[in-house]
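Student: Structure, please.
(chains A and B)
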Amino acid sequence: MTTTYPILSIVTFLPLVGALLIMLFARSGDDQEGSIKLSKALALIFSVATFIASLSIFCYYDPNNSGMQLVEHYVWMPSYNIAYIKGIDGISLWFVLISTFLTPICILSAIGGVKKRVKEFMIALLVLETMMVGMFTALDFVLFYLFFEGVLIPMYLIIGVWGGEKRTYAAYKFFLYTFLGSVLMLAAIFAMVLQLGTTDMTAMMGNKFAMPMAKWLWLAFFASFAVKTPMWPFHTWLPFAHVEAPTAGSVILAGVLLKMGGYGFIRVSLQMLPEASHYFAPLVMILSLIAIVYTSLVALVQTDMKKLIAYSSVAHMGFVTLGIFSMNQAGLDGAMIVMISHAFVSGALFLCVGVVYDRLHTREIARYGGMANNMPHYALVFMIFMLGSVGLPGTSGFVGEFLSMQGAYLANSAYAFVAATGVILGAAYMLWLYRRLFYGPLEKDDVKAMPDLNCREYAMFVPLIVFVFWIGIYPSTFRNMFAPTTAKLIEDVSAPAVSAAKVKP
Amino acid sequence: MNDAQSVMIVMPEIVMAIFGMLLLVAGAFCGNRAAKQVGYLAILGFTVTAFVMLCPGRLDHLEGGSVAAFGFHNMFVDDGFARFMKMLMLIAAGGSIMLSWSYMKQENLERFEYPVLILFATLGMMLMVSASDMLSLYVGLELQSLPLYVLAAFRRDDARSSEAGLKYFVLGALSSGLILYGISLIYGYAGTTDFVNLGYALREAAPPPIGILIGMVFICAALAFKVAAVPFHMWTPDVYEGAPTPVTAFFASAPKLAALALLVRLLMQPFSGMIHQWEQIIVFISVASMVLGCFAGLVQSNIKRLLAYSSIANIGFALAGLAAESKPGILGLLIYLAVYFANTLGAFGVVLCLRKNGKMVEKVDDLAGLAKSNPVLALAMAIFMFSMAGVPPFAGFFGKYFVFLAAAQSHLMPLAIIGLLSSVVSAFYYLRVIKVMYFDELREPIDPLPDWGVKTVITLGAVYMLLFTISPAAIIGHASEAVRSFLGG
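Tutor: Residues are numbered from 1 along each chain as shown, chains lettered A, B, ... in the order given. Take a look at the predicted model:
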């Protein structure tokens, strides 16, 4: 099916329109309460509208077509061959939907959780949504870079303005780390643009860059995506950013921003630089394994809930990169499912932390305990997501980890063995966390006094629970949408020898 | 080329000079009461000059289709490049006058000389970018410099301002001396001061005579003084800090545009035969300015000093386009400058709003909590800072993108990478400004905002930073035309 209207641009810029409306109409001067209410309402309306609009992408999308769809092409800077090109394939489709799906949930959580400068927070979240969707749908490198970097601005402010005690440090570290990686990517973009004379990403996917230049390009992109994913040892900004960020910021950070790295690896490293990806695949896989095992061990000793979940994110992202660089269909599909599942599960876990943090204002695990007694609903919800994170069969985590380990096994059986120990460690730290939070005696008075989930919180969690089970029980709904694209991708990528032979004479 | 045609070629400058003299007379008769009216008239003068300059019929009768019109026996040239730069300088000068109104009123500095001096300095700059002979170059340069010395010391009763004026004068005079010495060497060895003939002479004589080489180095050094490029940057932070803030805003914009334009014209036209000689100089100056500007800015606590180092770094980035010594490089440089001047004017506009209990404050920490007390102002400053740091989606990113893309194209990838990395370092201090505004608690709110002049400049600047991204084609189109008329092709 084709559309006559630019649906991708609508989805991208609808949140920005909402942000502008909030900026214009929710004037804080005269009526403080009213302006806060109005900005909350506008933010929710626009984010839900964006989600509904994004569902129409889903309807127009043809899963059997492995190429770019719904392509929009406008002249932007013709003298530099830079154009405004947007389009999606099976890979970006899911990330767009995740972004539009999680933003309303974050806004719901922020409606209760954010107390100061509510209006600005809503604006920042909506701008962030525009940047995320824009990044996943961009098919022009300048546009891609613009959104990729543009994400930093609202996120820097979200961490810095609404964050915890050490927010300034965390915000700086987040910004500068990512910015440093990104400028190296920009240098690589220069080199690629100069070779092809265009910034069109589809043209670059068709044109496989030759070694040894490809190696340098690959490393420059790696600098950017490895920081963003994050991969060990470039992950050190993440625990700080997560711990200091407000709940909604953490959810978006874990749910979508980390996926930008994985998406970049697939879109750029794999599709544009397949030979270099083959060359560096062992390196990435070993780093992924270190990430899986090492960060799981680190997660075991955390005393801060958010930090623990942050480290678990790094471990899960290890499965993603492991799957991507096993360079076979199972691995890539696994990486995709892990990313989709992780967006729901870790986003939900951060929301869960936010629920008790809003009530008790501490993230210390030791301050809680025995909550299964007075908050049974919350305990159940938390358990579902905890098991999703552990990768229990029937939940979303299992499918992805299984496939990505299968892919790793096909690449090298030893890798799969090490990765499997990571799964066990994952179960250990998550179950232990659950035990410390929910079981044991309910002793502390302030913990006793906490009320169970309210309607707003149910509204946040129920859709997420649905997806955790949906992916776990019937992953084909999701896989069928991207499998043709990944199959085509793997076919393209695994024929570097052929393309090299073609170039030679 | 007869004299009547020559007059048509310099018509914009003539109009501007007439305006300047009329304003001087008007000011002398009405005194300082009319300072603001003289300012309005100066802006009117800039507008009329711009219209005359861009008037489509003005150059029609000249050698059909020629893109560059030479007048007064090759002393003066009018081409797209000059017009592009003049347009930027006129806007910058007008903006600087608008920025000055409230400041001058509050500091009891309302004197009619201020707009007149700016007008004459701008006239000098216009002559500089249109110079096509060493002599007209020097005359233009001096006409530009003398009013600037006076402007730096405009607060006569303030020690820091007088110090700034003196420093600027001594170092400026030194650089004028250097340039004059360079010119004399070149004339001695090449036998001509005319850019066109000099270009022919140098292209034929390879390798160039040593005297010309030395002369060229002297001229480069002197112009590096004027644009405040490392290692000739030492005066910048002191002068920026000491001079009255509207004057600093002017210093950071228009004169830099003029000196850079002059440098570009000199190196790309008469000295284009000596590319291998000057390339290394420009690459060094560019790298040194980027690195020093980005690192030294880290430790500044005074926002005017911080912006001074930022301007040093920005000149380094712009020079990367010149170092590329190619058409895309110059195009990148022009786009960079077109973004930079508005960015810097806007940032100084915000600095001009920082007034507590009737006194100007200049510490970065004085911005604390600005996002709470003046959200719109803070947003504008955040836009300017992100743009200067080169973070998309703001215009500053595109400036850097085009400049470094051109550098990479000319096999200067290391230069591009150093530039990109130093922009990360500079992001640290730009972020600090934003951090102070947004993260820190409000201590003492700033006084109510000044008059519409400052507000207009800030608003236009911030909107421009965003609009450029949405619709860059117009600026890029004009800049490409300028490059085409200048370098052919």
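Student: for the record, mean pLDDT for stretch B:73-87?
Tutor: Stretch B:73-87 comes out with an average pLDDT of 90.
Student: Stretch A:183-200 too?
Tutor: In this model, stretch A:183-200 carries a mean pLDDT of 90.
Student: and what of stretch B:229-240?
Tutor: Here the average pLDDT along stretch B:229-240 is 91.
Student: For the residue in the stretch 351-500 of chain A that chain B sits nearest to, the count of nearby residues, please.
Tutor: Among all residues of the stretch 351-500 of chain A, A:H361 sits closest to chain B, at 19.1 Å; criterion: Cβ to the nearest Cβ. The C-beta positions use only the backbone N, C-alpha and C, and glycine is treated the same way. Other residues lying near A:H361 total 10 when counted by other Cβ atoms under 10 Å in any protein chain shown.
Student: Can you give me the distance of it to A:G354?
Tutor: Per Cβ to Cβ, to the nearest Å, A:H361 is found 11 Å from A:G354.
Student: Could you find the closest non-adjacent residue to the residue of the stretch 251-400 of chain A found nearest chain B?
Tutor: The stretch 251-400 of chain A approaches chain B most closely through A:M260 (14.4 Å), counting by Cβ to the nearest Cβ. Spatial nearest neighbour of A:M260, excluding adjacent residues (Cβ to Cβ, 6 or more residues apart in numbering or on different chains): A:K228 at 5.2 Å.
Student: Ok, A:L257 next?
Tutor: Closest residue to A:L257 apart from its sequence neighbours, by Cβ to Cβ, 6+ apart: A:V151 at 6.4 Å.
Student: wait, isn't that neighbour in contact with A:M132?
Tutor: Yes: A:V151 sits in contact with A:M132 when judged by Cβ atoms under 8 Å, with a separation of 6.4 Å.
Student: These two: who's more crowded?
Tutor: Between A:V151 and A:M132, A:M132 has the larger neighbour count (other Cβ under 10 Å), namely 31 against 25.
Student: List the contacts of the strand or helix carrying B:L379.
Tutor: Using DSSP states H and E, B:L379 falls within helix B:375-389. For helix B:375-389, the surrounding residues in contact (Cβ atoms under 8 Å, 6 or more residues apart in numbering or on different chains) are A:28, A:120, A:153, B:310, B:314, B:339, B:343-344, B:346-347, B:350, B:353, B:367, B:370-371, B:394-397, B:423, B:426-427, B:430-431, B:433-434, B:437-438, B:449, B:458-459, B:461-462, B:465-466.
Student: Also stretch A:125-133?
Tutor: Residues from elsewhere that reach stretch A:125-133, judged by Cβ under 8 Å, 6+ apart: A:11-13, A:15-16, A:18-19, A:22, A:43, A:46-47, A:50, A:54, A:95-96, A:99-100, A:103, A:106-107, A:110, A:147, A:150-151, A:153-155, A:158, A:248, A:252, A:256-257, A:260.
Student: Enumerate every residue touching the residue of the stretch 101-250 of chain B found nearest chain A.
Tutor: In the stretch 101-250 of chain B, no residue comes nearer to chain A than B:V230, which is 21.0 Å away by Cβ to the nearest Cβ. If you count contacts by Cβ under 8 Å, 6+ apart, B:V230 has them with B:I285, B:A288, B:S289, B:V291, B:L292, B:G293, B:I312, B:G316.
Student: Pull out the buried residues from those.
Tutor: The neighbour-count test (16 or more other Cβ atoms under 10 Å in any protein chain shown) marks B:I285, B:A288, B:S289, B:V291, B:L292, B:G293, B:I312, B:G316 as buried among the contacts of B:V230.
Student: List just the nearest of these to chain A.
Tutor: Checking the buried ones among the contacts of B:V230 against chain A by Cβ to the nearest Cβ gives B:V291 as the nearest, at 14.5 Å.
Student: Get me the contact residues on the stretch 151-300 of chain A for chain B.
Tutor: Taking Cβ under 8 Å from any Cβ of the partner chain as the measure of proximity, the stretch 151-300 of chain A contacts chain B at A:152-153, A:156-157, A:160-161, A:167-168, A:171-172, A:175-176, A:179-180, A:183-184, A:186-187, A:190-191, A:193-194.
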